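Colleague: Okay, here's the prediction I keep looking at, along with the sequence it came from:
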Amino acid sequence: MAPTIRTAVESDFEFAFDAKRQALGPYVAARWGWDEDFQRNLHLSRWRERPWSVILKGATPVGTIATWKIDGHLRIGEFYVLPAFQRSGIGSAVLRHVLGQADQDNEVIRLEHLKWNPVGELYGRHGFVQESANDTHCFLARRPVAPQR
C-alpha cells in the first residue's frame, strides 16, 4: 500500500513533534544532546511558518513533510518518517511524488540534512546533489528532470 499525504491540522502538532523526536532526535543528540524545551520551541516556530503534511500508511500517521516555495524554488523540510516505518519505501514514495510534481512544474528542489544523518543516501538516490555544506549541514538541490518521450 502506497503512502498518502494529507494537510496537517492543529491536532497533528504533537504527532509531528514526536516524529521529529524519534526520527531526527538521535542525530541531534549525538552532537548537541536533546534539549526538549529548545526543540519544542523550534518545532512550534517551524509549525507556524511552514505548510506541514502528515504521511499516512493506510490510516496510520507514519511521518511528516513540509514543502513550500521560496526564492524561486521548492523547499522540502520537516521530512521525518518514524523509525518503525523507515527502510520500507515510504520515504522514497513520498519523494517520488514531490519530485514528480516539481518536474512537472519545472522547479528546482532544495533541502538540507545533518551531515551524520544517513538520510543523505536517500536523497542521492533521488538525484539530489550537494551544493554546499557547513560544519553541521549538507545543502542539496535537485534540478527538474524533463519527461521522457
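Modeller: Yep, that arrived.
Colleague: Mind listing what's buried along stretch 4-23?
Modeller: Within stretch 4-23, the residues that qualify as buried by neighbour count (16 or more other C-beta atoms under 10 Å) are 5, 8, 12-13, 15-23. Placement of C-beta: from N, CA and C, glycine included.
Colleague: So which of the residues you listed is the closest to Ile76?
Modeller: When these are compared for distance to Ile76 (C-beta to C-beta), Ile5 comes out closest, at 12.2 Å.
Colleague: helix or strand for that closest one, which one?
Modeller: When elements are defined using DSSP states H and E, Ile5 is found to belong to strand 4-7.
Colleague: Direction included, what does that strand pair up with?
Modeller: strand 52-57 (antiparallel) (DSSP bridges).
Colleague: Please tell me how far the strand it pairs with is from the chain's geometric centre.
Modeller: The gap between where strand 52-57 is centred and where its chain is centred comes out at 11 Å by C-alpha atoms, centre = their mean, to the nearest Å.
Colleague: Mind listing what's buried along that strand?
Modeller: Neighbour-count burial for strand 52-57, counted by 16+ other C-beta under 10 Å, picks out 52-57.
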